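Q: need a structure here:
(one chain, ligands or ions: 1)
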Amino acid sequence: MVEAWTELVKTKEGYRKLLDQVMANLPQTLGKIGDRVLVVNPIIVHETKRTIITNFTHIADTLNREPSHLARFILKESGKAGTLEGERLLIQGKITNEELRRFLELYVKEFVKCPVCGGLDTKIIAEKRFRFILCEICGAKSSVRKI
Ligand SMILES: [Zn+2]
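A: Predicted coordinates:
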């Protein structure tokens, strides 16, 4: 019995690891801008004690956001420390590929997508202490939290 249980756990872990590797090599579709599909393809390197996203500034560029803004969001959501270094984001600790995909989805939902028309052609503007998503498609101005 004990052995069978151990085997099951092993298999499940093996499966998860495999799934994570497969996920890492798949581009992630985050939505559409008109006829254009917004796709990112994070390159993640797992080291023993840290996670490195090697094309991080490129991902932020694709989303038309400051790398520091996207980095703050991911670090806050994951509860981990990290730093931007050139093109890369270095995270202390482990973030799985699946977790990163979820963070990117959440970020787009909250900080890129226009809540009125669903468009992704937006920018974040600051007015006094407040932040807004300004939609370049429908012109809506929607408040967002500061991070
Ligand atoms: Zn809009």
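Q: Please count neighbours and contacts with C-alpha atoms only from this point.
A: Will do.
Q: Can you tell me the centre-most residue of this protein?
A: Nearest to the mean C-alpha position of the chain, counting by CA atoms, centre = their mean, stands L104 at 2.3 Å.
Q: C-terminal to the helix or strand where that one lies, what's the next element?
A: In this assignment (DSSP states H and E), L104 forms part of helix 97-107. As assigned by DSSP H and E, the chain's next helix or strand after helix 97-107 is strand 122-127.
Q: So is that following strand next to the ion?
A: No: using CA under 5 Å from the ion, strand 122-127 never reaches the ion; the gap is at least 7.7 Å.
Q: Parallel or antiparallel, which strands does that strand pair with?
A: strand 130-135 (antiparallel) (DSSP bridges).
Q: Could you identify the helix or strand that succeeds the strand it pairs with?
A: Counting by DSSP H and E, the element after strand 130-135 in chain order, helix or strand, is strand 141-144.
Q: name the helices or strands packed onto that next one?
A: strand 130-135 (3 or more CA pairs under 8 Å, 6 or more residues apart in numbering; DSSP states H and E).
Q: Output the strand it packs on as CSV, nothing but the C-alphas.
A: Output in CSV follows, covering the C-alpha atoms of strand 130-135 (Å, rounded to 0.1, in the frame of the first residue of the first chain):
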residue,chain,number,x,y,z
PHE,A,130,-4.8,58.4,-9.4
ARG,A,131,-4.1,56.0,-12.2
PHE,A,132,-6.3,55.3,-15.2
ILE,A,133,-6.4,53.0,-18.2
LEU,A,134,-7.0,55.2,-21.3
CYS,A,135,-8.5,53.3,-24.2
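Q: near the ion, which residues of the chain?
A: C114, C117, C135, C138.
Q: Now the helix holding L104: average pLDDT?
A: Mean pLDDT, helix 97-107: 94.
Q: Mind giving me the packing neighbours of it?
A: helix 2-24, helix 67-78.
Q: please redo it, this time with the cut-off set to 10 Å
A: helix 2-24, strand 28-33, strand 44-46, strand 50-53, helix 67-78 (3 or more CA pairs under 10 Å, 6 or more residues apart in numbering; DSSP states H and E).
Q: Please tell me I have it right and the residue nearest to the centre of the chain contacts L70.
A: Yes: if you go by CA atoms under 10 Å, L104 and L70 touch, sitting 8.6 Å apart.
Q: re the thing from before, of the residues of the chain next to the ion, which is the most crowded?
A: C114 (25 neighbours; other CA atoms under 10 Å).
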